[in-house]
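**Q** predicted model and sequence below, questions to follow.
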Amino acid sequence: MSMGSGDQSIKGIPTHGGRYVQYNVYGNLFEVPSKYVAPLRPIGRGAYGIVCAAVNSETQEEVAIKKIGNAFDNRIDAKRTLREIKLLRHMDHENVVAIKDIIRPPQWENFNDVYLVYELMDTDLHQIIRSNQPLTDDHCRVGIKFFPSSGTIVDYAVLLLQYFLYQILRGLKYVHSANVLHRDLKPSNLFLNANCDLKIGDFGLARTTSETDFMTEYVVTRWYRAPELLLNCSEYTAAIDIWSVGCILGEITSRQPLFPGKDYVHQLRLITELIGSPDDSSLGFLRSDNARRYVRQLPQNPRQNFSSRFPNMSPGAIDLLEKMLIFDPHRRITVDGALCHPYLAPLHDINEEPVCPRPFSFDFEQPSFTEENIKELIYRESVKFNP
């Protein structure tokens, strides 16, 4: 969900006896219950649809409303929407974006667009990286209220890079403890507010650790994909998300993507140019002889010196980055190992890093599901929010 600071407000027309209000946003119909009061502000748009900011007049809470237009035209996209709804309803964590409402359509027979309501965040990490705001460990310290919802409010002066990384890992620990892999971690899916609080969002590509299908129908952002995904390894693990976090950590520091591959071959070449070509002992995770042969025939590269490549990073941050960007997923650091790393010692407190009380399951999905089945399930979810 790309966020922006759009400041234009739009006037609405009451519909359905005043229960809903209809707006014209970028030439698109945007119809929401009247409790979401003007000014409605467009703040982002992308392939999924449009996002507007509004205020819930019942709670006085600012929210982001995402419209997914013609949500049931394509079974794969519809399934993605259902997955995100089910996952976010299951999760409750300070570093995971909260879903506040699924707008109940005024009429079932005209139910084609899905409106998801989230807590409003100010920006995303992609926009911060592209800005001129300093982000290095050397000189960027911020005074912040540390996790106020936990009950204790403490003022901290921490390094911004450290704080961002800690929150990503803290949220990811919770996600992984629910037996869920995010599978699409990237800066634009990490949302921030003015306090520098960070939340993981966009779970449409997530899957559970027990699912064995490769889900080839999805195209996950290539630049943040772990080597085992690039090599079509079907039995991947939570280590794929740690690789993505390493890519993000490097990008925050260098202000540019670490591995902006043009295709899969180029992607693997960029990876080996930084971390070095893997030796045979690092290829044991590949079950396919063809995949092993393919990696061996790639140009041989020595490992780069990370301190030279990332001169603004502290030694502790470099050490943690090196442990995240390891070719063999079995040797890559885990989320718990990363949280315990000395670089994060000023923030790490295992008692403040909760896990999900029960694992998540996609057992509501059936291979034979049609668009109509998914539509019915999403409608039921909207009724739970709006009985």
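**A** Nice, I can see it.

**Q** any idea how far residue 19 lies from residue 346?
**A** When CB to CB, to the nearest Å is the yardstick, residue 19 and residue 346 sit 51 Å from each other. Glycine gets a C-beta too; all of them are placed from N, C-alpha and C.

**Q** these two: which has the busier surroundings?
**A** Neighbour totals were compared for residue 19 and residue 346, and residue 346 leads with 14 against 11 (other CB atoms under 10 Å).

**Q** show residues contacting stretch 243-253.
**A** Taking contacts as CB atoms under 8 Å, 6 or more residues apart in numbering, the residues outside stretch 243-253 that touch it are 125, 129, 135-136, 161, 164-165, 168-169, 172, 182, 184-187, 190, 223-227, 257-259, 310, 312-313, 317, 320-321, 324-325, 329, 332, 338.

**Q** what about the residues you listed, which are in strands?
**A** Secondary structure defined by DSSP state E assigns residue 190 of those to strands.

**Q** the stretch 51-200 of the chain: strands as residue ranges?
**A** Assigned by DSSP state E, counting those that start in this stretch, the strands in the stretch 51-200 of the chain fall at 61-68, 99-102, 114-119, 123-124, 141-145, 155-159, 180-181, 190-192, 198-200.

**Q** of those, which approaches residue 233 most closely?
**A** Judged by CB to CB, the one of the strands of the stretch 51-200 of the chain that comes nearest to residue 233 is strand 180-181, at 13.3 Å.

**Q** list of residues touching that closest one?
**A** With CB under 8 Å, 6+ apart as the criterion, strand 180-181 contacts 87, 175, 203, 206-209, 236-238, 240-241, 360.

**Q** show me where pLDDT drops low in the stretch 151-300 of the chain?
**A** Scanning the stretch 151-300 of the chain for pLDDT under 70 picks out 151-158, 211-220.

**Q** how about the helices in it?
**A** Across the stretch 151-300 of the chain, reading from the start of the chain, the helices by DSSP state H, counting those that start in this stretch fall at 160-177, 227-230, 239-254, 264-275, 289-296.

**Q** show me what the shortest one is packed against.
**A** In other words, helix 227-230. Packing contacts for helix 227-230, counted by 3 or more CB pairs under 8 Å, 6 or more residues apart in numbering; DSSP states H and E, involve helix 239-254, helix 264-275.

**Q** rerun that using 7 Å as the cut-off
**A** Judged by 3 or more CB pairs under 7 Å, 6 or more residues apart in numbering; DSSP states H and E, the packing partners of helix 227-230 are helix 264-275.

**Q** and the angle for the helix it packs on with helix 289-296?
**A** For the pair helix 264-275 and helix 289-296, the angle between their directions (axes from the mean of the first three to the mean of the last three CA atoms, to 10 degrees) equals 50 degrees.

**Q** can you pull the buried residues of helix 264-275?
**A** Taking 16 or more other CB atoms under 10 Å as the basis for neighbour counts, the residues of helix 264-275 that come out buried are 267, 268, 269, 270, 271, 272, 275.

**Q** stretch 282-290 too?
**A** Of all the residues in stretch 282-290, those buried under the rule 16+ other CB under 10 Å are 282, 283, 285, 286.

**Q** residue 82: which of these is nearest?
**A** Of all those, residue 82 sits closest to residue 285, with 31.4 Å by CB to CB.

**Q** please go through the chain and pick out the longest strand.
**A** In terms of residue count, the longest strand belonging to the chain (DSSP E) is strand 36-46.

**Q** residue 205: neighbour count?
**A** The number of residues packed near residue 205 is 19, by other CB under 10 Å.

**Q** typed the wrong thing, it's residue 110
**A** Number of residues near residue 110 (other CB under 10 Å) recorded here: 8.

**Q** give me every residue that touches the spatially closest residue to residue 34 that is not a sequence neighbour.
**A** Once its chain neighbours are removed from consideration, residue 34 has its nearest residue in residue 21; the separation is 5.2 Å (CB to CB, 6 or more residues apart in numbering). Contacts for residue 21 (CB atoms under 7 Å, 6 or more residues apart in numbering) come out as 12, 13, 14, 15, 32, 34.

**Q** which of the three states applies to residue 21?
**A** Under DSSP: H, G, I helix; E, B strand; the rest coil, the three-state class of residue 21 is strand.

**Q** quick one: contacts for residue 129?
**A** By CB under 7 Å, 6+ apart, the contact list for residue 129 reads 187, 251, 252, 255.

**Q** are any of these buried, and which?
**A** Buried positions within the contacts of residue 129, assessed by neighbour count (16+ other CB under 10 Å), are 187, 251, 252.

**Q** follow-up on the earlier one: how about CSV for the strands of the stretch 51-200 of the chain, with mean neighbour count and distance to residue 39 added?
**A** Listed next are the strands of the stretch 51-200 of the chain as CSV, based on neighbours: other CB atoms under 10 Å; distance: least, CB to CB, whole Å:
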stretch, mean neighbour count, distance to residue 39
strand 61-68, 20, 11
strand 99-102, 20, 19
strand 114-119, 22, 16
strand 123-124, 22, 19
strand 141-145, 13, 28
strand 155-159, 15, 34
strand 180-181, 24, 36
strand 190-192, 23, 21
strand 198-200, 23, 24
